[in-house]
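Colleague: Requesting a structural model of the entry that follows:
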Amino acid sequence: MNKLLILGGTGFVGRHLSARPGLAGWQLSVPTRQPGAVARPGADSPVELVQADVHDEATLTQLMESQDAVVNLVAILHGTAATFDQVHVELPKKIARACAAAGVRRLVHVSALGASLDGPSMYQRSKARGEAVLQAAATAGSLDLTVLRPSVIFGADDQFLNVFAQLQRVFPVIPLAGADTRFQPVWVDDVAEAVKRCLQDDGTIGQSFEACGPDVFALRELVRLAGQWSGAGGGKGRPVIGLPRALARLQAWVMERLPGEPLMSRDNLDSMAVDNVASGKLPGLEALGITPAALATLAPGYLRRR
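Modeller: Numbering: from 1, shown residues only. Modelled structure (predicted):
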């Protein structure tokens, strides 16, 4: 039986990957630092939860021993320059070294659409530096690497459309930073399927893919649709007011200081200085034989149930 180590496997995409049909013949291992974390049992594959800190390189190397492939899904959306560097750059360095030490060659790395060394945000720049680390290892001949770059990901348990819908159940008006930024949302199961197909097809080694849905939306339109589909405002959604940049930065600054995970940070706002849509310079999901699902066919169903 082939063995697969899924780093970040208890997160949004990881739970869907663990449950993906078609991984018959794979033993899945999912490290977690949280004893209560749950990976959804796979339809075809057993899932082993292992309590471990993947940022500890010795532990990471031990986890990789006897594995046949690794998927890296570990990422953060909010943080400082230091935390972005730790998660998006230093961890890939450790992964590359651990793979070499354990003799594991196959790695599928899930990065982000818009990753760029000269991107406007710390998030985008750190994602690009992490890719560069792994590409260097692949060029040196120690890794068989595939990179996936998804746009914003939606699904029934997302923290994207669900958050917009919840806000519209509480507030009569939605002031919105980055309202005109365009996104190309991709269904979480399409991203999980893309990871699976990359693992199963050695022809994807050495390639990078952009994982995007079929439709492009301005952020204000996504917020409006989330409200309508969830039934907020009598099914009309709430008015969305785009904020000028100065007010948007003030809003993000305030949100950073609220308890819990922020809804918006100034670095998120920096990311939205550029559209998050397919560049057309890399192959998309269609190159993997996947017809991406449309937001409008799936999101209304799960938002109405909330």
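
Colleague: For this structure, give me the ranges with low pLDDT.
Modeller: For the chain, the stretches flagged by pLDDT under 70 are 1, 35-45, 306.

Colleague: Look through it and tell me its longest helix.
Modeller: helix 122-139 (DSSP state H).

Colleague: right, and the helix or strand after it?
Modeller: Heading C-terminal from helix 122-139, the first helix or strand you meet, by DSSP states H and E, is strand 144-150.

Colleague: what's the offset of the helix or strand just after that next one from the middle of its chain?
Modeller: Remark: after strand 144-150, the chain's next helix or strand is strand 153-154, criterion DSSP H and E. What separates the centre of strand 153-154 from the centre of its chain is 8 Å, taken as CA atoms, centre = their mean, to the nearest Å.

Colleague: Partner strands of strand 153-154, with direction?
Modeller: Looking at strand 153-154 with DSSP bridges, its partner strands are strand 186-187 (parallel).

Colleague: Apart from its neighbours in sequence, what residue is nearest Arg97?
Modeller: Glu57 (6.7 Å; CB to CB, 6 or more residues apart in numbering). Heads up, the C-betas are built off the backbone N, CA and C, glycines and all.

Colleague: How many residues are close by that neighbour?
Modeller: Applying other CB atoms under 10 Å, we find 17 other residues in the vicinity of Glu57.

Colleague: so what's it up against?
Modeller: Going by CB atoms under 8 Å, 6 or more residues apart in numbering, Glu57 touches 94, 97-98.

Colleague: Going by neighbour count, which of these comes out on top?
Modeller: Ala98 (23 neighbours).

Colleague: Around Gly284, how many other residues sit close by?
Modeller: Using other CB under 10 Å: Gly284 sits among 21 other residues.

Colleague: Pull the contacting residues for the spatially closest residue to it that is not a sequence neighbour.
Modeller: Leaving aside its chain neighbours, Gly284 sits nearest to Glu210 (5.2 Å; criterion: CB to CB, 6+ apart). Going by CB under 8 Å, 6+ apart, Glu210 touches 113, 149-151, 278-279, 282-284.
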